[in-house]
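# The sequence and its predicted three-dimensional model are supplied below.
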Amino acid sequence: MTSDYERFPVGRGEIALGDCLTVLRGLPDGAATLAVTSPPYHNAINYEQHAQTLAGEKERWGRIEIQYDEYRQFLMERFKELLRVVAPGGYNVVNIAPVSWQGRRVPLPFHFVGWMEELGWAFREDIVWEKTVARDRRSGVLLQHPYPGYYYPSLVAEYVFVFQRPGERRDRSNIYWHRSDADRAGNEIDLSDYQGEKSKNVWRFRPVAPQENIHPCPYPLELVERVVEFYSYRGDLVVDIFAGSGQTNVAAEKLGRRHLGIDIMREYADYAVSRVRDVSREADSETVETSPAAPGATRDAQRDEADSETVAGDQPTPATS
Ligand SMILES: C[S@@+](CC[C@H](N)C(=O)[O-])C[C@H]1O[C@@H](n2cnc3c(N)ncnc32)[C@H](O)[C@@H]1O
């Protein structure tokens, strides 16, 4: 391990503070069974500015200036290293959505699939996360101009793509098919409500409300819990290379998996540690504790704004970015 990042063991796992590329380079081949993440969505959020608003040093946060190709390189380097760290047969689940850039809607998720395939990740599933609550004023354009060519649907969905690291030998190296009977018995999935939404590739979850989490774009805990349950066994290592508020770590902790969350921002890493610690204590004592609430009305209002993408205004992307 290098000194280029800090490690904070908590519960069954740890949060690492640093660039995920550096942290991944220190991990052995095939260490993780499952990777789950939501990367920065290109230019959508300037996390440094957002952290400054948390510290009360800034009123508002904005977008980040980064060229698309530079962003592509950034992601490619990190998901390439992740491919080494996930065991053959293991999955890599990524939540991502289109972004607004230079007045255009950029189909980032569709480019992203090509980038992942180029690296050697096999594409497996495209799941749509439908937001059950979304403030979006786009569709109002047709109400004002009820004519062909004025249709801009409200943006109420993001993608959850599932990739897999190919096993060298399909029969031998599928890490899910070769588990002991005891392992399977201890990890049987409750299918009582499976035939409803869970069996389909449209998942409906409410986005996290601003007062529930200090991060500007956390994904829902229920979403990542579902992923962790479907793609890993108890005791497996689950990695999130852009961990933010630690939703993946919290889900993994609750479900008895080991976990490693990596984030480059100290404010988010500290917050993630405190949240996992709460869950881990809760499990120990079986008492209910609550996570710290997010202070700051300005920030809350701004995130509401980021949830809605308008046609003319080139507003920030929806909830997770
Ligand atoms: C979309 S957010 C992830 C939110 C997270 N899924 C959650 O639920 O809270 C992306 C995160 O990537 C982090 N990040 C950006 N560059 C990074 C890097 N090079 N290494 C690690 N984390 C990074 C940002 O600080 C941000 O928290």
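Yep, it's here.
# would you list every one of the strands in the stretch 1-150 of the chain?
For the stretch 1-150 of the chain, applying DSSP state E, counting those that start in this stretch gives strands covering 6-10, 13-17, 32-37, 86-96, 99-101, 104-106, 122-131.
# ok, and what's touching the third one?
For strand 32-37, the surrounding residues in contact (Cβ atoms under 8 Å, 6 or more residues apart in numbering) are 82, 85-87, 90-95, 175, 224, 227-228, 231-233, 236-243, 248, 257, 260. Every C-beta, even on glycine, is put in place using the N, C-alpha and C of the backbone.
# Go again with 7 Å.
By Cβ atoms under 7 Å, 6 or more residues apart in numbering, the residues outside strand 32-37 that reach it are 82, 85-87, 90-94, 175, 224, 227-228, 231-232, 236-242, 248.
# where does the stretch 101-250 of the chain come near the ligand, residue by residue?
For the stretch 101-250 of the chain, the residues in contact with the ligand (Cβ under 6 Å from any ligand atom) are 215, 217-219, 242, 244-245, 247.
# Dihedrals phi and psi, the spatially most central residue of the chain?
For the chain, the residue nearest the mean C-alpha position is residue 38 (2.8 Å; Cα atoms, centre = their mean). Main-chain torsions, residue 38, degrees, to the nearest 10: phi -130, psi 110.
# which non-adjacent residue is nearest it?
Sequence neighbours aside, residue 95 is the residue nearest to residue 38 in space, at 4.0 Å (criterion: Cβ to Cβ, 6 or more residues apart in numbering).
# contacting residues around the one you found?
By Cβ under 7 Å, 6+ apart, the neighbours of residue 95 are 38, 129, 158, 160, 219, 320.
# just checking, the residue nearest to the centre of the chain touches residue 218?
No - using Cβ atoms under 7 Å, residue 38 is not in contact with residue 218, being 8.4 Å away.
# What does the pLDDT read for residue 290?
If you check residue 290, the pLDDT there is 42.
# With neighbour count as extra columns, can I get the residues of the stretch 101-250 of the chain next to the ligand in CSV?
Formatted as CSV, those follow (neighbours: other Cβ atoms under 10 Å):
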residue, neighbour count
215, 27
217, 27
218, 24
219, 26
242, 21
244, 27
245, 28
247, 27
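# Show me these that map onto helices.
Among these, the members falling in helices (DSSP state H) are residue 247.
# Adding distance to residue 206 and pLDDT, write the residues of the stretch 101-250 of the chain next to the ligand out as TSV.
Shown next, in TSV, are those (distance: Cβ to Cβ, whole Å; pLDDT from 0 to 100):
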residue	distance to residue 206	pLDDT
215	16	96
217	14	95
218	12	97
219	11	98
242	22	98
244	18	98
245	16	98
247	14	98
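# Would you confirm that residue 82 contacts residue 92?
Yes - judged on Cβ under 7 Å, residue 82 makes contact with residue 92 at a distance of 6.5 Å.
# For residue 52, which non-adjacent residue is spatially closest?
In space, residue 52 is closest to residue 58, 3.9 Å off (Cβ to Cβ, 6+ apart).
# Find the closest residue to the ligand in the stretch 101-250 of the chain.
Using Cβ to the nearest ligand atom, residue 244 is the residue of the stretch 101-250 of the chain that sits closest to the ligand, at 2.7 Å.
# so who does that residue touch?
With the criterion set at Cβ under 7 Å, 6+ apart, residue 244 makes contact with 215, 218, 263, 268.
# and it, how far is that from residue 5?
The gap separating residue 244 from residue 5 is 16 Å, by Cβ to Cβ, to the nearest Å.
# and if you look at residue 201?
When residue 201 is compared with residue 5 (using Cβ to Cβ), they lie 36 Å apart.
# Can you pull the phi and psi angles for residue 158?
Dihedral angles (degrees, to the nearest 10) for residue 158: phi -130, psi 170.
# Can you verify my assumption that residue 42 contacts residue 101?
Yes - between residue 42 and residue 101 there is a contact at 6.4 Å, judged by Cβ under 7 Å.
# Give me the more crowded residue out of these two.
residue 42 (26 against 20; other Cβ atoms under 10 Å).
# List the contacts of that one.
Contacts for residue 42 (Cβ under 7 Å, 6+ apart) come out as 66, 68, 71, 99, 101, 108.
# cutoff 8 Å now
66, 68, 71, 99, 101, 106, 108.
# again, but for residue 234
Applying Cβ under 8 Å, 6+ apart, the residues contacting residue 234 are 186-187, 255-257.
# Give me the subset of those that lies in helices.
Per DSSP H, the contacts of residue 234 never map to helices.
# Now rank those by neighbours and give me the top one.
Busiest of these [other Cβ under 10 Å] is residue 257, holding 23 neighbours.
# Can you tell me the closest non-neighbouring residue to that one?
residue 238 (4.9 Å).
# which residues touch the helix or strand encompassing the one you found?
If you go by DSSP states H and E, residue 238 is part of strand 237-240. For strand 237-240, contacts defined as Cβ under 8 Å, 6+ apart pick out 13, 31-37, 82, 85-86, 228, 232, 246, 248-249, 252, 257-262.
# repeat that with 6 Å
Strand 237-240 is contacted from outside by 31-32, 34-37, 228, 232, 248, 252, 257-261, using Cβ atoms under 6 Å, 6 or more residues apart in numbering.
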